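Chemist: When you get a sec, could you give me coordinates for this:
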Amino acid sequence: MAKTRGHCLCGKISFEYEGAENWRGHCHCESCRRNTSSAFTSFLGVAKTAYRYTGETPAVYESSPGVRRLFCATCGSPVAYESDRWPDETHFYAASLEKPEAYVPDFHVHWAERVPWVDLNDDLPKYDHGGS
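Modeler: Numbering: from 1, shown residues only. This next block holds a predicted model:
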């Protein structure tokens, strides 16, 4: 089975996983926007048993109780998101993939928190809060 790989800006943090993602989506919540300094961010959920870090281990910032944001301590790139709410998976940033053009999102979450100056007209489901 083919492996999907990704890395941070400087390349010190790298990862790979096998198999299909659990899901793929855009998040518009304020916390993700602030963490990435972007209007929204695109994630993919991967089972913890399906991936491994192949470079250095990411640094961790606990942004709220039970929520961990993983990043490169050298270049500052956000790499992943983990939460006690989803203990069996890690959410990687689609933009960190070696082939981000292969990423195809399935939905938007936290649509109610989106910034008004980005006009997204896709036909993807849009959930005001978390997905179903």
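Chemist: what residues does stretch 62-77 touch?
Modeler: 8-10, 12-13, 31, 35, 56, 58-61, 78-85, 90, 96 (C-beta atoms under 8 Å, 6 or more residues apart in numbering). C-beta coordinates here come from the backbone N, C-alpha and C atoms, glycine included.
Chemist: repeat that for 10 Å
Modeler: Stretch 62-77 is contacted from outside by 7-15, 31-32, 34-36, 53, 55-61, 78-85, 87, 90-93, 95-96, using C-beta atoms under 10 Å, 6 or more residues apart in numbering.
Chemist: Show me which of these are buried.
Modeler: Burial by neighbour count, 16 or more other C-beta atoms under 10 Å: within the contacts of stretch 62-77 this picks out 7-8, 12-15, 32, 35-36, 58, 78-82, 90-93, 96.
Chemist: In helices, which of those residues appear?
Modeler: 32, 35, 36 (DSSP state H).
Chemist: possible to save the residues you listed as CSV with pLDDT?
Modeler: Formatted as CSV, those follow (pLDDT from 0 to 100):
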residue, pLDDT
32, 94
35, 94
36, 95
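Chemist: Turn those residues into JSON lines, including distance to residue 71.
Modeler: Shown next, in JSON lines, are those (distance: C-beta to C-beta, whole Å):
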{"residue": "32", "distance to residue 71": "13"}
{"residue": "35", "distance to residue 71": "8"}
{"residue": "36", "distance to residue 71": "10"}
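Chemist: now, among these, which is nearest to residue 47?
Modeler: Residue 47 has its nearest neighbour among those in residue 32, at 20.9 Å by C-beta to C-beta.
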